[in-house]
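Colleague: Give the three-dimensional model of this entry:
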Amino acid sequence: MSSEFIYQLFALLIAVIVVHAVYVGAIRPSADAAIARQMELQAAGGDFVPERSLAVVVRDFEQEACFILLLWALAVMGYKARRTLHEQALFARSLLDIPEGTSVLPQDAREYSRAIEALPDAEQDYLLPRTLLAALQRFATTGSIQAVSDTIKENCEIEADRLDSELSMVRYISWAIPSIGFIGTVRGIGDALGQAYKAVEGDISGVTVSLGVAFNSTFVALVLSIIIMFCLHQLQLVQERLVLDCQRYADQRLLRHLVS
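Modeller: Numbers count the residues shown, from 1 in each chain. Reported below is the predicted structural model:
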């Protein structure tokens, strides 16, 4: 199991524990007290305006599941954003010490590769060192500048596809949260229809509570989905910049110095 998989597993476990503890300790007791108070006022008759407190809006199991998935998705995106920022920090370092006006021949490629191979193993796995090392090895083997250019472009395209595929779980979560909200809507409407006979008799408290479940779950799910999609697009923007900056770095620091 990779370290990223273990991180995601523990992030999900911690999200479940934290959210459930907050719900059991604070949200549900406060919401139950507010609902009981409103029922008492409604049973006493007279005009009153029901309070729409935050605890009542987010009290149900569907909203709890949505918050768990939200925290999990944010943790996953935070992990990937942290790695991307570490990779971007390499652009400020001189991985290739090629003086201005110096020409690099195929037999010189091995010498310039040593600086990259001396990096720690974790940094050698980053996009920029991998791309530069692959380009130098291709140049030493073929002596073709066009082959080096194709290697750089191919590595960047493969990395872009890999980064995009690794976000599939976050996209699934962004789809699952509104779906859970719709499940809460169906459940609430079903409960309201099951208590329709009480409304005919004059007791509409059960129907109003069930309809509250229906609309609140969808409302919360859609709001959380908007938050996740915003964070996802920001992460994709950072990752796309990483790939483009890598290709530009390789072109400016290596490709223009090569002489076949």
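Colleague: longest single helix anywhere in the protein?
Modeller: Across the chain, the longest stretch assigned as helix under DSSP state H is helix 205-253.
Colleague: For that helix, the averaged confidence score.
Modeller: Mean per-residue pLDDT for helix 205-253: 85.
Colleague: Off-centre distance for it?
Modeller: Mean C-alpha position of helix 205-253 versus that of the full chain (C-alpha atoms, centre = their mean, to the nearest Å) differs by 7 Å.
Colleague: swap in stretch 175-194?
Modeller: Computed by C-alpha atoms, centre = their mean, the chain-centroid distance of stretch 175-194 equals 25 Å.
Colleague: export that stretch as CSV, just CAs?
Modeller: Extracted C-alpha coordinates of stretch 175-194, given in CSV (Å, rounded to 0.1, in the frame of the first residue of the first chain):
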residue,chain,number,x,y,z
TRP,A,175,-21.0,13.6,-7.7
ALA,A,176,-21.9,11.5,-4.7
ILE,A,177,-22.7,14.4,-2.4
PRO,A,178,-25.6,15.8,-4.4
SER,A,179,-26.8,12.2,-4.9
ILE,A,180,-26.9,11.7,-1.1
GLY,A,181,-28.8,15.0,-0.8
PHE,A,182,-31.4,13.7,-3.3
ILE,A,183,-31.6,10.5,-1.3
GLY,A,184,-32.5,12.6,1.8
THR,A,185,-35.1,14.4,-0.3
VAL,A,186,-36.8,11.2,-1.4
ARG,A,187,-36.7,9.9,2.2
GLY,A,188,-38.2,13.1,3.6
ILE,A,189,-41.0,13.2,1.0
GLY,A,190,-41.7,9.5,1.6
ASP,A,191,-42.0,10.2,5.4
ALA,A,192,-44.2,13.2,4.7
LEU,A,193,-46.6,11.1,2.5
GLY,A,194,-46.7,8.4,5.2
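Colleague: what pLDDT, on average, does that stretch get?
Modeller: Taken as a whole, stretch 175-194 carries a mean pLDDT of 81.
Colleague: going forward, begin numbering at 110 instead of 1
Modeller: Will do, 110 is the new start, and the previous item becomes stretch 284-303.
Colleague: For the longest helix of the chain, name the packing helices and strands.
Modeller: Applying 3 or more C-beta pairs under 8 Å, 6 or more residues apart in numbering; DSSP states H and E, one finds that helix 314-362 makes contact with helix 137-153, helix 163-166, helix 170-198, helix 236-251, helix 254-274, helix 277-303, helix 305-310. (Each C-beta comes from the backbone N, C-alpha and C, glycine too.)
Colleague: right, and those helices - which one's nearest T211?
Modeller: When the helices and strands packed on helix 314-362 are compared by C-beta to C-beta, helix 236-251 sits nearest T211, at 14.5 Å.
Colleague: Least confident secondary structure element in this structure?
Modeller: Within the chain, judged by mean pLDDT, DSSP states H and E, the helix or strand with the poorest mean is helix 305-310; its value is a mean of 53.
Colleague: could the helices and strands packed on helix 314-362 go into a markdown table alongside distance to G210 and mean neighbour count?
Modeller: Formatted as a markdown table, the helices and strands packed on helix 314-362 follow (distance: least, C-beta to C-beta, whole Å; neighbours: other C-beta atoms under 10 Å):
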| stretch | distance to G210 | mean neighbour count |
| --- | --- | --- |
| helix 137-153 | 71 | 14 |
| helix 163-166 | 65 | 17 |
| helix 170-198 | 28 | 19 |
| helix 236-251 | 19 | 20 |
| helix 254-274 | 17 | 16 |
| helix 277-303 | 46 | 17 |
| helix 305-310 | 85 | 11 |
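Colleague: Let me have those helices in CSV, extended by distance to V128.
Modeller: Output for these, formatted as CSV (distance: least, C-beta to C-beta, whole Å):
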stretch, distance to V128
helix 137-153, 12
helix 163-166, 14
helix 170-198, 5
helix 236-251, 35
helix 254-274, 28
helix 277-303, 13
helix 305-310, 33
